[in-house]
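J.: Dropping a prediction and its sequence here:
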Amino acid sequence: MDFGPQQVGKWLIAAGVGIALVGVLMVLLGRAGLFKLPGDLEFSSKNWRIYVPIASCIVISVILTLILWLINYFRR
C-alpha cells in the first residue's frame with residue numbers, strides 16, 4: 001500500500017472530523033446532565049477546580065460496550 005502525502009492528509013482530515021464529532025457529542029451530553037451524576041467528584045477552592053467524572057465514565061463505558069457488542073453480534 002502506497003502511503004504518500006495525500007494518504008496522510010486524508011487520515012488527518014478524518015481524525016479532525018472525528019475529534020470534532022466527539023467534541024459536539026460531549027457538549028450535547030453535558031447539556032443533558034451526563035457530567036453531573038452523583039458519583040462525579042468535584043473539588044474546588046477560590047482559584048482552582050478539580051473534576052473527576054467517575055460515574056460518567058462508567059456510564060459512557062457501558063454504553064460503548066453495548067454498542068460495540070451489538071455491532072459485533074450483527075456482523076457475524
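T.: Alright, I've got the coordinates. Just so it is clear, the structure is predicted and the values come from calculations on it, not from any experiment.
J.: Let me see the domain layout of the protein.
T.: Residue ranges for each domain of the chain read 1-32, 37-76, as given by automatic domain parsing.
J.: Now the longest one: average pLDDT?
T.: Spelled out, it's domain 37-76. What domain 37-76 shows for mean pLDDT is 92.
J.: What is the distance between that domain and the centre of its chain?
T.: Taking CA atoms, centre = their mean, to the nearest Å, the mean C-alpha location of domain 37-76 is offset from the chain mean by 9 Å.
J.: All the helices of this protein, residue numbers only.
T.: Per DSSP state H, the chain carries helices over the ranges 5-31, 54-75.
J.: Check which residues of the longest one are buried.
T.: What it means is helix 5-31. Across helix 5-31, burial judged by 16 or more other CB atoms under 10 Å covers no residue at all. All C-beta atoms are positioned from the backbone trio N, CA, C, and that covers glycine.
J.: what angle sits between it and helix 54-75?
T.: Interaxial angle of helix 5-31 relative to helix 54-75 (axes from the mean of the first three to the mean of the last three CA atoms, to 10 degrees): 130 degrees.
J.: Tell me the spatial nearest neighbour of S44, not counting adjacent residues.
T.: Nearest non-adjacent residue to S44, counting by CB to CB, 6 or more residues apart in numbering: I50, 7.2 Å away.
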